[in-house]
Every structure is written in C-alpha cells, then in structure tokens.
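Trainee: this one's structure only:
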C-alpha cells in the first residue's frame, strides 16, 4: 500500500444467494495508487466481489467504503469515482466506439473538452484508431473491452475495477493494457483486477489476494506469498494455496 | 450525450451498417404489412356505418389494438428490457439518478409500442376521419393524443406492477410466473392477431349492425374524444379524462421507477429456475440432438409450464369455438363431418400458433452455438433428423389437446376422433416439411460469424413465410371439405369417406414432408458450409 486512507476498505464483507454464500468475511484495505490483483478459480467469488464494490449488488453482511464513502450513504457520489469494466462490456451495439465514449463521459459528468482530450489519448494508447468510428456491434470481444475501458478511463475514476481485463486481448493489446494500468496507478488511480492470468498479476500487481470458496485465503505481495508458501512462481503459490484451502477448509463458504 | 440521445443515435446508426439496414428494413416491411392486412380486415366494418353504427363505436374498434399491443409488449419485450437489458449495468454504475434506467426502458418500450399501435390503428382511424366530411383540424390533431392515451398508460401501469412485484416478491417463483406471463402474452397476442386477420367481420356487421366488442374505458373515452372533435361538438370532457389518466399513470410509473434499482439487483441475485436430470445420454448423433432438444424443454420449468398454458389456450379456443362456430352451426351438415371439420380447423389454428416457436429449434435458437454445428464432423442429415424428430414429437401436443378437448366438447364419435388423429398426423408431416424448408432457409436464418441472428426483420419475414406456406400446403383440405359437405349426408357415407380423407392427408403429408425435409437438409448443409 502506498499509504494514506484505503481507497477500498471492506470489513467482514459477505453476500449470499438463496442461502448460499458466494463471498464471506472478506476484509480488504487497498490504498491509493495501488494495483491489486484478485486471483481465484472459476466460481471463487471474484466477480461477486467486484459487483459488491461497484454497488451492483448489496452486501448481505459487513461494511464497505470506497474513497472514504459508505456504500449505503453516498450512492451517486460514490459511483462518480468508481469505474468498472465487466467481462462483458455494456456497449450499445449501434453506437460507434466514439459515441459510446461520449455517452459514458456524459453520464460521469465529464465536460466535452476534457472528454475529447482524454479519449483521444486512450484511443491511441489502446490501439483503437481503426475501430473507434465503427458501430460496436461489429467489434471483436477484445476490441469491445478496450472501447469500454477507454470510455471508463475517460471519466478519470479514482477506483478502477476490472473483471478479467485481458480476456480476448491480443499480446500487443495486453502489453499496452499493462503499461496503461501502471501509468494510471502512478497517477494515483487505485486499480483492482480479477484475473486468471497469473503472469499478469505477477508482473504488474503491487499485491495479490487469493480467493477460494468465497473466502480470502492469502494476501500480500508476490514476494511475501512466496516466502509464506515456499519458493516458486506465483502459479506454485496459487496451487499450494488452493491445496491448503481444500485440505483445511470445511468446504465452500456456505458450509 | 444523455441516454435518450444515445438511443436516438443508435437508431440513426442502424442505417449505416448492412445488418442494421436489414433489421430496420425488415421491421418496416413487417409493420407496413401488418398495417395493410389489419386495415383491410377492419375496413370491412365501414359497411356497418350504413346500418347505424356510431362513429364512436367504429373509432373504438380502430383504437382497440393500442392497449392490446401495450399489454403484449409490456409483459414481454419491456419486461426483459427492465431486468436484463445489456445496457443496464452501465446505467446502474453511472452517477445518474438510479431511476433513470427504468425511465429509459419505459421510453424505449413506449416508442416500440406506439409504432405497433400506430401501424394497426392509424390507417382505420384515418379512413374513418376521411369519411367524416369535413373532419375539422382539431380531430386530426387529437389522433396522436388518442394513440398515446390508449397505449402509454397501459404500458406504464404494466411496467410499474412488474417493478413493484420484483422489488418486493423477488424469487424463483416470481421469475417463473413472469416468464410464463410473458410467454402467454406473446402467444395470446399472436392468437388475437390471427383470429382478427383471418376471421372476416362481414357476417358480424351484417347480422349485428355494430362491432360487438367490449372496449376498455380509456379506448371508449378516446373514441368519444375523436368522435366529438370530428363532428364538431368539441366536448373537452373526454380529452380531460384521457390526459388525466395519462398523467396519473405517468406519475405512478415515475414512483415505481424509484424501486427499479432494488428490483434489478434482486432479479440479478435470483437464479433462473432449472430442473436437473441425471440420466444416460445416447451417442448416436440424431438421438443425442433429439435428446438435447427435449432437455431444453424438460429442464426448464418455465418451458414445461408453457406447454400447460398452451393447453389452457386451446381449451379457450375450443370453448369459444374460434373459427368453427359457423361449421358447427351449419344446417344440413352431417354431424360427423361437422365435428371432423371443426376439429381439424382447431388443430390447424393450434399448430399455427406453435409452428414458429418450434421452427426456432432448427437454427434460430442455436445462433450462439452455431459454431458447434459448423465445426462438428457429424452429417447435416443426422443433425437435422434429430431436430425434426424432436419437433415432430412436440407437434403431437396440439394434436393430442384438440383430440381430447374438442372431441369431448363437440361430442365427437370415436370414429371421428380416430379419423381426426389419422388425418392430422398426415398434416403434422406436412407441417414438418414446411417448417424444415423455412427454418433452415439460408437467406432467412443464417447466423453471422459471431452467432448472432439479425432479429426483427428476417425472423418476421420467416414467420410470415411460414404461415403462408403452411396455409398453402394445407389448401387441398379446402377441396376435401367442399367435397365432403356436398356429397356426404349420412353417417355410413361419412365413415366410408373418412378412410379416403385420412389416406389423402397421409399422401399430402408424405409428399410435402418428404420434399420439405429434403430441401431442409440441403439448406442445413449450405448453412454449415464455410462462408
């Protein structure tokens, strides 16, 4: 953590669906400018956590504060500072990428001049020049994701949440995305991303959290986790954490 | 750019892409076709003007599609938009008022509903006003007000009720109920449209001298408002009532919209209902495809209940003697012949209602999984065979329903019921042939590379073509009917003729079914071929 008040702070956060806990007892403190990686197997609760942080879902238990604001009290103010890029970007099929960006910027109260300056930069950085004036319907999954990322970044969020951001991206785009995220963090944006690609977490994340059966099993810098779980790659650390969770755990969070 | 601006931009951008142009063109062609067909059906009622029917009654008949369309779209399309729209996460994440998304869905739904309502109501309203010499400008100015007041309040109320229900009673049961209601609304609207389009109003006009329909009070009020303006009376009371109702329902929707964020979240948290079945699956291609189609029905409680709901609909059609009141009441017609004719007619209507849905099983519903079929080394014949076998079995449901419900309701003899079953089995083969041709037509059904179908335009044309071809395939039945009514006057003669009727139906079924399936397999092979 880079110090100061955490931009994302949760205590005992949990969410259940029909009596089954998808996430439980999750306590996080992610600081300003930090890049936090959220790792876990399919169904571990990563997307549910991101949805809780964005306000798309309400917690069943625990507290949640983003940028010092309580999720229950500061709805619109809180949404103003959060940007979210879900795995399936919510694009209007028949708007062009540029128009979608204009819409998102408008919803987040960004004035036209600022929007154009920022958008042009992100279109360039993400290599979107050829696709930005075509209707989104025609774009590939990766391009759709980049378009929405550019749109969200245009709003200059203080907290950026990304669900599987590299899915569908080509190697060049992945590289550009990594550089962009590091750049945004250097500017003070707090980034939290969920990913299955451990190399990305290893390369860019300040800290990672490993989630299994809805519970946070391990958290720290990659070096700290190596120290704790034995030397090796992050993949080895991840596998050992999962094995430990399976052997010591009484099962999914529901149990 | 606001949400409304974004929707308008999207609409404008439709014209800039090939897929968009096709969707837009198809939707326009569909609406114009419906408008012309509906106008030609309702304009028959103009004759009743000479028999003393008031202008207000005729205007009420003209405006009647407005609340019906609003109910249909409010329960089906708008319900999905309210809780599953692709843009919903964006609206909920944005720092805009939380109720703004529901308002946008309401605006979208109102736009689509008004387009449909205008297509079905405007031509006849215009005809009536043109016949009222000279219709004052005020009457013309009030036409849009009447359309909006007959449509939007119903839509707003339905949306409000759904938001409130999901907000406070969310759960698997409600999700199932709402899905069934949506399916019933779609089937009910199709049935209403078919009955309206294919039953002539002329006898009703001639006998009753007035359109014998009960209209909701808002339709009656708007008709009174237009009639008053058209005749120069200029009574403002109905206008005040209509606008007051519009304002009241708008206010209710505005309040309900505030509950939408909570309702959307609860909907998201409720898993769709499924039934899990564990049983061994076959390995042969046709058998496994057939099994897959059945699994999609049997593992969805909603689909299963849809079949029950369809049974209820058939019961209503039989009880109301839709299409067949004339046959059953015809004097001098041998009773067995009348029963057989009525039952076959009811079966025809019942099959017509489900044919489009079953056609989707061939290609339309598999759009997202299309690459599975195109990359599989299985023969297209085996895949189509499996799909058609499942559709054939599902098509036995309307046959069974009509045999049991209509056979009992009309007091048909066992000989008539057996002949009905034999005849309609032949008819089912013919239906299968038609469905195989249209449901695999590359021009109408080809998914794009992403597996998406261009909804709206092509699927509407496919539905129209399906209905027309099915009617054409069944047209020999008209000749058989003429022959039966002219030559069969005793029970003994009827039984002798029934053998030929069943044989003829089978011959027709084998011919149409055989050609249709052959063409369907060829089409499917073309669909699976590399582009």
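Mentor: Received the coordinates, thanks. Because the structure is predicted, anything quoted here is derived from the model rather than measured.
Trainee: let me know the pLDDT of the closest residue to chain A within the stretch 251-400 of chain B.
Mentor: Residue of the stretch 251-400 of chain B nearest chain A, by Cβ to the nearest Cβ: residue B:269 (5.4 Å). No exception for glycine: its C-beta is placed from N, CA and C like everyone else's. The model reports residue B:269 with a pLDDT of 80.
Trainee: which stretches of the stretch 351-500 of chain B have low pLDDT?
Mentor: B:371, B:376, B:448-458 (pLDDT under 70).
Trainee: go ahead and confirm the residue of the stretch 251-400 of chain B closest to chain A touches residue A:57.
Mentor: Yes: contact criterion Cβ atoms under 8 Å: residue B:269 and residue A:57 qualify, at 6.8 Å.
Trainee: rewinding a little: any idea how many residues pack against the residue of the stretch 251-400 of chain B closest to chain A?
Mentor: Residue B:269 has 19 neighbours, counted by other Cβ atoms under 10 Å in any protein chain shown.
Trainee: center of chain B - which residue?
Mentor: residue B:190 (2.7 Å; Cα atoms, centre = their mean).
Trainee: what separation do you get for it and residue B:474?
Mentor: 18 Å (Cβ to Cβ, to the nearest Å).
Trainee: just give me how far stretch A:151-166 sits from the chain centre.
Mentor: How far stretch A:151-166 lies from its chain's middle: 7 Å, per Cα atoms, centre = their mean, to the nearest Å.
Trainee: that one close to chain B?
Mentor: No: Stretch A:151-166 stays clear of chain B (Cβ under 8 Å from any Cβ of the partner chain), getting no nearer than 9.1 Å.
Trainee: hang on, the earlier thing: residue contacts, the residue of the stretch 251-400 of chain B closest to chain A?
Mentor: Counting by Cβ atoms under 8 Å, 6 or more residues apart in numbering or on different chains, residue B:269 makes contact with A:17, A:57, B:170.
Trainee: ok, now with 7 Å
Mentor: A:17, A:57 (Cβ atoms under 7 Å, 6 or more residues apart in numbering or on different chains).
Trainee: which residues of the stretch 1-150 of chain A lie near chain B?
Mentor: A:17-18, A:54, A:56-58, A:75-76, A:79-80, A:84, A:86, A:90, A:92, A:94-96, A:99, A:102-103, A:106-109, A:135, A:137-138 (Cβ under 7 Å from any Cβ of the partner chain).
Trainee: can you tell me which of these end up in strands?
Mentor: A:17, A:84 (DSSP state E).
Trainee: restricted to buried residues, select the residues of the stretch 1-150 of chain A next to chain B in PyMOL.
Mentor: Selecting only the buried entries of those in PyMOL, with 16 or more other Cβ atoms under 10 Å in any protein chain shown as the criterion:
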select buried, chain A and resi 54+56+57+58+75+79+80+84+86+90+92+94+95+96+99+102+103+106+107+108+135+137+138
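Trainee: which of the residues of the stretch 1-150 of chain A next to chain B fall within helices?
Mentor: Applying DSSP state H to the residues of the stretch 1-150 of chain A next to chain B, the entries found in helices are A:54, A:75, A:76, A:79, A:80, A:99, A:102, A:103, A:106, A:107.
Trainee: now for these: which two are most distant?
Mentor: Within these, two members stand farthest from each other by Cβ to Cβ: A:75 and A:99, at 26.7 Å.
Trainee: what helix or strand does residue A:184 sit in?
Mentor: helix A:171-186 (DSSP states H and E).
Trainee: residues contacting residue B:506?
Mentor: Residue B:506 touches residue B:426, counting by Cβ under 7 Å, 6+ apart.
Trainee: now residue B:15: closest residue in space that isn't a chain neighbour?
Mentor: Leaving aside its sequence neighbours, residue B:15 sits nearest to residue B:21 (Cβ to Cβ, 6 or more residues apart in numbering or on different chains; 5.9 Å).
Trainee: any idea how far that neighbour is from chain A?
Mentor: 11 Å (Cβ to the nearest Cβ, to the nearest Å).
Trainee: residues near that residue, how many?
Mentor: Look at residue B:21: counted by other Cβ under 10 Å, it has 14 neighbours.
Trainee: pLDDT averaged over whichever strand or helix holds it - what is it?
Mentor: Assessed by DSSP H and E, residue B:21 sits inside helix B:18-42. For helix B:18-42, the mean pLDDT works out to 80.
Trainee: ok, and for it, which residues are buried?
Mentor: B:19-20, B:23-27, B:30-31, B:34-35, B:37-39, B:41-42.
Trainee: ok, those residues vs chain A, which is closest?
Mentor: residue B:20 (6.0 Å).
Trainee: doesn't residue A:94 make contact with that closest one?
Mentor: Yes: between residue B:20 and residue A:94 there is a contact under Cβ atoms under 7 Å: 6.0 Å.
Trainee: which residues do those two both contact?
Mentor: Shared contacts of residue B:20 and residue A:94, counting by Cβ under 7 Å, 6+ apart, come down to B:13, B:14.
Trainee: list phi and psi for residue A:210.
Mentor: phi -110, psi 120 (degrees, to the nearest 10).
Trainee: next, count neighbours for it.
Mentor: When neighbours are counted by other Cβ under 10 Å, residue A:210 comes out with 26.
Trainee: who does it form a beta bridge with?
Mentor: Here residue A:210 sits in beta bridges with residue A:39, residue A:218, going by DSSP bridges.
Trainee: any idea how far residue A:142 lies from chain B?
Mentor: Taking Cβ to the nearest Cβ, one finds residue A:142 at 13 Å from chain B.
Trainee: residue contacts, that residue?
Mentor: A:168, A:169, A:170, A:173.
Trainee: wasn't it part of a strand?
Mentor: No: looking at residue A:142 with DSSP: H, G, I helix; E, B strand; the rest coil, it is helix, so not inside a strand.
Trainee: residue A:169: helix or strand, and which one exactly?
Mentor: Using DSSP H and E, no helix or strand contains residue A:169.
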